[in-house]
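Enquirer: With the sequence up front, the predicted model follows.
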Number of protein chains: 2
Amino acid sequence: MSRWKPDARGRLEKAALELYNHQGFDATTVAEIAARAGLTERTFYRHFADKREVLFPSDNPLADTLADATAAASVTLPPLEVVAHALTEAAPILEERADLARQRRAVIAATPELQERERAKLAALASTLGHALRERGLEATTAALAAEIGIAVFNVAYERWVNDPDQHALAQLIRETLDATRHLTAPAGHAAANDGGSFTGQETGA
Amino acid sequence: MSRWKPDARGRLEKAALELYNHQGFDATTVAEIAARAGLTERTFYRHFADKREVLFPSDNPLADTLADATAAASVTLPPLEVVAHALTEAAPILEERADLARQRRAVIAATPELQERERAKLAALASTLGHALRERGLEATTAALAAEIGIAVFNVAYERWVNDPDQHALAQLIRETLDATRHLTAPAGHAAANDGGSFTGQETGA
DNA sequence: TACGGTGATGTCATAAACTGACATCAGGGT
DNA sequence: ACCCTGATGTCAGTTTATGACATCACCGTA
């Protein structure tokens, strides 16, 4: 018999998600979470920096995947294509846990404090991405811009996917959203006129 | 004689900025801030929701300006031009207080908690902008995307401006950054002429 | 086998962040 | 004169977060 039940961290994550879902983030105390996991408040804080962090698992390989895919992309690819490639590579990581993602999203959507943390995580991703782009030789401002736009695209696509997870693959939504970006930035009638493809087609129209 | 010295809120903001600058955000306690402003901790919390909020003044007319400028823009303008217009309209608001902006930035740059809040404020701006774009008849996803990109552009431009405020006007930096966005999405050289600008070479996944 | 080190957890104490309830009291209107 | 309002103070309490120290199964090694 081992001294402690296994996977304390996992139990805390599970307990937290359940309690946040059931009674709300604010109405849940860290002591409650710990108790439900059969642990102590102090132990909670040994595993997570604060009450929010428990919803943002650190074993998330997203950042690494983005960085690696960015570094690995063909040198001739234009910046935004590199970003698109990286995001597409990272998409399956999220799709694996679609149900969990929706549960987390429900809690986050109901709690400003958690939205704040989520945005911070996205910003960190943008920073990682920007760093990886600079390593490829991109000028700093361009890299930052491409990274920010990439994350914006990801954010919009992810939101669509989470709201409607059975309709489209995340990777496809990312691609569509990126195409929409191109239409937004070059809507002058010529440029991207002939691509057609799998685009959603919501031009400003009227 | 009035019972209290005037502008309690302003005094709290000033005291907080000074203390955060001098001894760091974490090492500063709310009681300290209040004392320096000649007030009480309890009163601090009557003016600001929390310790971070004191750096993000609520009288900030940025959101309103963005919304108004978006609504007022010509109906024929493509989405991103509307956003560019709105951002350009809002720029002077920030440029008026350049020195204050730099002080705030120094503190924020040194404090993850404050960066988190800053991102949240930007996200709120994006949300406002997206709403205003939808009011113009834009489809929801397109509006969200244009808003997010606009805020990304603003964020990069603002960062450049704050770092080097005497070189360029903020409005000009916004313009330049937006142009950079266009170049990113429609890479130079073949200028989107031969591949329709929607070339996505990353089918390599298979 | 005995024994000492390691590491995850518990216990305790405490600062600091917030919040609700109630008290105070100048000033402004009636 | 009177009451009412509204900004502030006082106080007590909960919750978050962290440092210091104790515990004790497990593991390797003599």
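Expert: Nice, I can see it. Numbers count the residues shown, from 1 in each chain, chains lettered A, B, ... in the order given.
Enquirer: Would you map out the domains in chain A?
Expert: Structural domains annotated on chain A: A:8-54, A:62-185, as defined by automatic domain parsing.
Enquirer: Tell me if the shortest one is near chain B.
Expert: What that stands for is domain A:8-54. No - contact of domain A:8-54 with chain B is not found when judged by CB under 8 Å from any CB of the partner chain; the minimum separation is 9.7 Å. Where you see a C-beta, it was placed from the backbone N, CA and C, and this is true even at glycine.
Enquirer: does DNA strand D sit close to that domain?
Expert: Yes - judged by CB under 7 Å from any atom of the strand, domain A:8-54 comes into contact with DNA strand D at A:Thr28, A:Thr29, A:Val30, A:Ala31, A:Glu41, A:Arg42, A:Tyr45, A:Ala49, A:Asp50, A:Lys51, A:Arg52.
Enquirer: least reliable of the domains of chain A going by mean pLDDT?
Expert: Lowest mean pLDDT of those: domain A:62-185, a mean of 94.
Enquirer: what's the span of that one from first residue to last?
Expert: One end of domain A:62-185 to the other measures 28 Å (CA to CA, to the nearest Å).
Enquirer: Report the central residue of chain A.
Expert: Taking CA atoms, centre = their mean, the centroid of chain A lies closest to A:Leu122, which sits 6.2 Å from it.
Enquirer: show me where chain A has helices.
Expert: For chain A, the helices defined by DSSP state H cover A:8-23, A:30-36, A:41-47, A:62-72, A:79-95, A:98-109, A:112-135, A:140-163, A:170-185.
Enquirer: Arrange those helices in JSON lines, one row each, with distance to DNA strand C as further columns.
Expert: Output for the helices of chain A, formatted as JSON lines (distance: least, CB to the nearest atom of the strand, whole Å):
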{"stretch": "helix A:8-23", "distance to DNA strand C": "3"}
{"stretch": "helix A:30-36", "distance to DNA strand C": "7"}
{"stretch": "helix A:41-47", "distance to DNA strand C": "3"}
{"stretch": "helix A:62-72", "distance to DNA strand C": "22"}
{"stretch": "helix A:79-95", "distance to DNA strand C": "25"}
{"stretch": "helix A:98-109", "distance to DNA strand C": "18"}
{"stretch": "helix A:112-135", "distance to DNA strand C": "9"}
{"stretch": "helix A:140-163", "distance to DNA strand C": "26"}
{"stretch": "helix A:170-185", "distance to DNA strand C": "33"}
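Enquirer: I'd like to know which of these lies nearest to B:Leu114.
Expert: Closest to B:Leu114 of the helices of chain A is helix A:112-135 (CB to CB; 10.8 Å).
Enquirer: I'd say A:Ala101 and A:Ile93 touch.
Expert: No - the criterion here is CB atoms under 8 Å, and A:Ala101 misses it with A:Ile93 at 10.4 Å.
Enquirer: tell me the most buried of the domains of chain A?
Expert: Using mean count of other CB atoms under 10 Å in any protein chain shown, the stretch among the domains of chain A with the greatest mean number of neighbours is domain A:62-185 (a mean of 19).
Enquirer: thinking again about what came up before, now tabulate the domains of chain A in TSV and tack on distance to B:Asn155.
Expert: Compiled in TSV, the domains of chain A are given as follows (distance: least, CB to CB, whole Å):
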stretch	distance to B:Asn155
domain A:8-54	23
domain A:62-185	6
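Enquirer: Residue numbers of chain A in contact with DNA strand D?
Expert: A:1-3, A:28-31, A:41-42, A:45, A:49-52.
Enquirer: 10 Å instead?
Expert: A:1-4, A:25-34, A:40-46, A:48-54, A:113 (CB under 10 Å from any atom of the strand).
Enquirer: show me the contacts for the closest residue in space to A:Phe25 that isn't next to it in sequence.
Expert: Computed as CB to CB, 6 or more residues apart in numbering or on different chains, the closest residue to A:Phe25 that is not its neighbour in sequence is A:Thr111, at 4.3 Å. Residues in contact with A:Thr111 (CB atoms under 8 Å, 6 or more residues apart in numbering or on different chains) are A:Tyr20, A:Gly24, A:Phe25, A:Asp26.
Enquirer: Surely the first one is in contact with A:Ile108?
Expert: No - counting by CB under 8 Å, A:Tyr20 stays clear of A:Ile108, with 9.1 Å between them.
Enquirer: Show me the common contact partners of the two, please.
Expert: With CB under 8 Å, 6+ apart, A:Tyr20 and A:Ile108 have common neighbours A:Leu55.
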